[in-house]
Each structure stands twice: as structure tokens, then as C-alpha cells.
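Engineer: got a predicted structure here, sequence first:
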Amino acid sequence: MKLELRFFASVREALSCDAESVDVPAEVATVGALRDWLAGRGDTWARALGAGKSVRAAIDLDMVGADAPLHEGAEVAFFPPVTGG
Amino acid sequence: MGTRISISVQTEDFDVSSELAALRADDASIGAVVNFVGLVRDRNDGAQVAAMTLEHYPGMTERALEKIVVEAGERWSLAAARVIHRVGTLHAQDQIVMVATASPHRGDAFEACAFIMDYLKTRAPFWKREDTPAGSRWVEARESDDDAAARWDKPAA
């Protein structure tokens, strides 16, 4: 499944990456599974997205929980808790 | 009641009086206007803050703000609402955010304004990076903001 990834704020900085196109294996079916899959790419990814980090996610511009299903061509974003206002 | 909604995410500053005049427009049903303006403080978490940079998620930020204001319009009698949030580099005393609500009566305008602001703090994708004498740092989210937003949660059906 092809996805468009976006990273913001401290997550973007930790990864030195703001956007990436990926093709994930079929078993990566939810946002939570995608996060685990990315965290498994290496130390930098584990530090930015690992289980201990407070990370939020959005699919196609809507904030979602870890159980949210992915779909072909989705824009999936990872970022820290928001601090606007 | 249909709510007139206007949302801007912008680098430029804003003028509160002209924004409030536009909010009222020619709508004689409006009996109450409540306005909140958020400013850059010169101290945060024990450090001097000279400047901060606000990052956002173009597209999602506007959509998240719109959803929050639409929900406010469903929960209170809201004739009009205006939200402006600045991004980019800001300095101490600068205006960051404005949330203005207009209703027939003050109760709705007060509550809708507080609701929009509390939800904005926890749901709209903005992130602050502060410049302090010790270097720059990302601002950590506060639990008190989650608590403030949670007070508007509807009781489970």
C-alpha cells in the first residue's frame, strides 16, 4: 500500500525529514502499525516514533487514534501534541 | 441558526477593532460579542523568551479550526465567529491568536469563545518553538490544556 507521510515540529526535526512516499507491506493496516513499522527502521526512527514518545497522528488532515485504518494513497502525518494558541 | 464563520492562518498581525466591526456586520440580532486575544509572554517555564516560531500543518490546521467552530455553532446560539491564528516568527507582546464570537445573548458568546479556544489549544495543529538565552526549544504540551478541553466533553449517552 502506497502512503504519503508527513512529519511536523520535533518529529520532523528528529527525523530530518518532512515528507516521504512509502510502500508498506499489507500487514501494516492501521496508523499504530505504521508507527511501529517506521520505528523499526533504526535508532533515529525509534527515538522519534517509539512507544515512549508522545506522538499524535492524522489521516487525510483529520486527527486519528492508533486504531484508524490506512487506505491506498492516504496522507498520514505524525507530530507531537499540539501547542498553539 | 447558521453561523457565519471566518478563519485565517496568517503571518501578518491583525487589527482587533476592524475585525470586530466586520464580525458584527449589519446583523441586528447580535446582542453580545466576546473576544479573546492571546499574546506572546516574555517568560515561559522559568526562561526568558525573546521570540518564538509557530509551525503549522497547512490544510489540516484550517480544517481543524473550521470543525471546532462548526461544533461551537451546534452547541450554542452563535451568529458569527472569527478565528485568526498567526504563524512564523513572533516576539514578546505580539498578538498570536484571536477568537471572537457573536450571539444574541452573552452566555452563548462567552461559552462558545472559551470552547473554541480550549479546543484550539488541544486539537489544532500548531507547534511553538521558543528562543531562550539557553537556546531554542519546542514548547511541551500542557496537561492543564487537556483538562480545560475535557470540561466541554459531552457526557456519555
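Structural biologist: Everything's here; your move. Predicted model, so just to flag it, every value in this text is computed and none were measured.
Engineer: ok and the residue in chain B nearest chain A?
Structural biologist: Ranked by C-beta to the nearest C-beta, the top residue of chain B for proximity to chain A is B:Phe126, at 2.6 Å. No exception for glycine: its C-beta is placed from N, CA and C like everyone else's.
Engineer: now do stretch B:67-77: everything it contacts.
Structural biologist: Applying C-beta atoms under 8 Å, 6 or more residues apart in numbering or on different chains, the contact partners of stretch B:67-77 are B:1-3, B:5, B:7, B:78, B:81, B:83, B:101, B:103-105, B:108-109, B:111-112, B:115-116, B:119-120, B:123-124.
Engineer: for residue 78, what are its contacts?
Structural biologist: Looking at chain A here, since you left the chain open. By C-beta under 8 Å, 6+ apart, A:Phe78 lies in contact with A:5-8, A:11, A:35, A:38, A:49, A:55-57.
Engineer: should've been chain B
Structural biologist: Counting by C-beta under 8 Å, 6+ apart, B:Leu78 has contacts B:1, B:3, B:72, B:101-103, B:108-109, B:112.
Engineer: of those, grab the buried ones for ChimeraX.
Structural biologist: Applying 16 or more other C-beta atoms under 10 Å in any protein chain shown to the contacts of B:Leu78, the buried members can be selected in ChimeraX as follows:
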select /B:3,72,101,102,103,108,109,112
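Engineer: I'd guessed A:Val31 sits against A:Ala57; true?
Structural biologist: Yes - with contact defined as C-beta atoms under 8 Å, A:Val31 and A:Ala57 form a contacting pair (4.8 Å).
Engineer: more neighbours, those two?
Structural biologist: More neighbours surround A:Val31 than the other of A:Val31 and A:Ala57, with 23 against 20 (other C-beta atoms under 10 Å in any protein chain shown).
Engineer: picking up where we left off before, looking at the contacts of B:Leu78, which are in strands?
Structural biologist: Assigned to strands by DSSP state E, the following of those qualify: B:101-103.
Engineer: is chain B contacted by the helix or strand harbouring A:Glu13?
Structural biologist: According to DSSP states H and E, A:Glu13 maps onto helix A:9-15. Yes - using C-beta under 8 Å from any C-beta of the partner chain, helix A:9-15 reaches chain B at A:9-10.
Engineer: could you give the mean pLDDT of the following helix or strand past that helix?
Structural biologist: Next helix or strand after helix A:9-15 toward the C-terminus (DSSP H and E): strand A:19-23. For strand A:19-23, mean pLDDT rounds to 98.
Engineer: equivalent analysis for stretch B:43-54, please.
Structural biologist: 91.
Engineer: how about that stretch: buried residues?
Structural biologist: Neighbour counts over stretch B:43-54 (16+ other C-beta under 10 Å) mark B:49, B:52, B:54 as buried.
Engineer: next one: stretch B:147-157
Structural biologist: By neighbour count on 16+ other C-beta under 10 Å, the buried set for stretch B:147-157 is B:148-149.
Engineer: pull the residues that contact it.
Structural biologist: Residues outside stretch B:147-157 that contact it (C-beta under 8 Å, 6+ apart): B:115, B:118-119, B:121-123.
Engineer: good, wrapping up.
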